[in-house]
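Colleague: following is a predicted model, sequence given first.
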Amino acid sequence: IPEGQESHGGNIITKNSDPKIEKLIIESKDKQDGTISHGTITIREIKDSLTMATIPVANIKAYGTVGILIAPKKLKNEREECRTNLILISQLGATFFEKMEAELIISELAVADEQDRIADDIHDSVVQRLFASSLFGYDAIQKWDELSDKEKREQMTLITETIQSALKDLRSTIYNLSSKKKEMEVFGESLRGYLKDMERLSGIDISFHMTGDVTQLSLSARKAIYRIITEGTGNAVKHAGAKGIWVNIDIGKQVSTIAIEDDGQGLDLKMAREKKDGLGLYNIESLVRLFKGKLNIDSQKGRGTRFNIEFDTKNIIKA
């Protein structure tokens, strides 16, 4: 509402205007609700020397009424011009209000998407680390009487460091994910920290290398890659009986690749897909399909498993 004006029932009325005119405008709007005929002008006599011509502001829905005050004689001579001008103003008004509503909806969707993104980031990093610390702590309690003082100190130190790392990652999520500064450091360090914690808790050697311009990746692609890595390495730790895991990411100009390899007992793909708890493989396949990528799994019994994933870089970079 422009300065110096106030709203009455959805109409904008200039202050200090004739109360009779205000009442007629409001009545005109109220009578048109539900029976709007776009382009139809309503003519009302205000005084002997003054006539009010109004038209509804409506495209998809009704937004109110706009009108002009004009001498009856002039309206008679310029009726078509007045009608054209009123239609133009009403259409511009409708477009303006519809744009405002669309921007509000887009803003609400953006907020919802941001909430989902933060929830996913916290789940994929902080929650998993805290859960691992909890399990490690429970295991230490079960073996407490069998451990030496030095071993107890080492395990408590490891648990504390893992929790501190999770808290650091949480702070990073809160303060840095919405910022475009140091994007590569945040993404790369988050992955590196996650794998380092997994290495310490599992006792498995994990090697991680990342090359290419990671800053060009879209937010959704970074989330997907993070989840692919956590699912792939998590499966190797839980099911493969591996001694070593190798993770390599390369963001190329035309083609980008992800490779996750372990030296474990191998993977029976048919059995893995049929298992009800085989969500890790399903999640990886779904994420790869989401970005039109290609997934090849090379696995032999007793000789480990290698996930080779390939994306067209244009499908995972920012638009």
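Modeller: Now that the structure is in, tell me what you want to look at. Computed from a predicted structure; not experimentally measured.
Colleague: which residue ranges form the helices in the stretch 101-250 of the chain?
Modeller: Assigned helices in the stretch 101-250 of the chain, in chain order: 128-142, 149-176, 183-202, 219-235 (criterion: DSSP state H, counting those that start in this stretch).
Colleague: packing partners for the shortest one?
Modeller: It refers to helix 128-142. Counting contacts by 3 or more CB pairs under 8 Å, 6 or more residues apart in numbering; DSSP states H and E, helix 128-142 is packed against helix 149-176, helix 183-202. (Each C-beta comes from the backbone N, C-alpha and C, glycine too.)
Colleague: just say which of those helices is most tucked in.
Modeller: The highest average neighbour count among the helices and strands packed on helix 128-142, using mean count of other CB atoms under 10 Å, belongs to helix 183-202 at a mean of 18.
Colleague: contacting residues around it?
Modeller: Applying CB atoms under 8 Å, 6 or more residues apart in numbering, the contact partners of helix 183-202 are 125, 128-129, 132-133, 136, 158, 161-162, 165, 168-169, 172, 176-177, 204-206, 208, 210, 213-215, 217, 222, 226, 229-230, 233-234, 237, 247.
Colleague: which among the residues you listed count as buried?
Modeller: 125, 128-129, 132-133, 136, 158, 162, 165, 169, 172, 176-177, 204, 206, 208, 210, 214, 217, 222, 226, 229-230, 233, 237, 247 (16 or more other CB atoms under 10 Å).
Colleague: any idea which residue sits dead centre in the chain?
Modeller: Taking CA atoms, centre = their mean, the centroid of the chain lies closest to residue 113, which sits 2.9 Å from it.
Colleague: and the pLDDT at that residue?
Modeller: For residue 113, the model assigns a pLDDT of 70.
Colleague: quick one on the thing from earlier: including distance to residue 86 and mean pLDDT, could the helices and strands packed on helix 128-142 go into TSV?
Modeller: Conversion of those to TSV gives the following (distance: least, CB to CB, whole Å; pLDDT from 0 to 100):
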stretch	distance to residue 86	mean pLDDT
helix 149-176	52	79
helix 183-202	51	77
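Colleague: make JSON lines out of these and add distance to residue 254.
Modeller: As requested, the helices and strands packed on helix 128-142 are exported to JSON lines (distance: least, CB to CB, whole Å):
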{"stretch": "helix 149-176", "distance to residue 254": "30"}
{"stretch": "helix 183-202", "distance to residue 254": "20"}
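Colleague: which one of those helices lies closest to residue 91?
Modeller: Closest to residue 91 of those is helix 183-202 (CB to CB; 43.1 Å).
Colleague: what sits against the closest residue to residue 266 other than its chain neighbours?
Modeller: Leaving out its chain neighbours, the residue that sits closest to residue 266 by CB to CB, 6 or more residues apart in numbering is residue 301, at 4.2 Å. Contact analysis of residue 301 by CB under 8 Å, 6+ apart lists 265, 266, 268.
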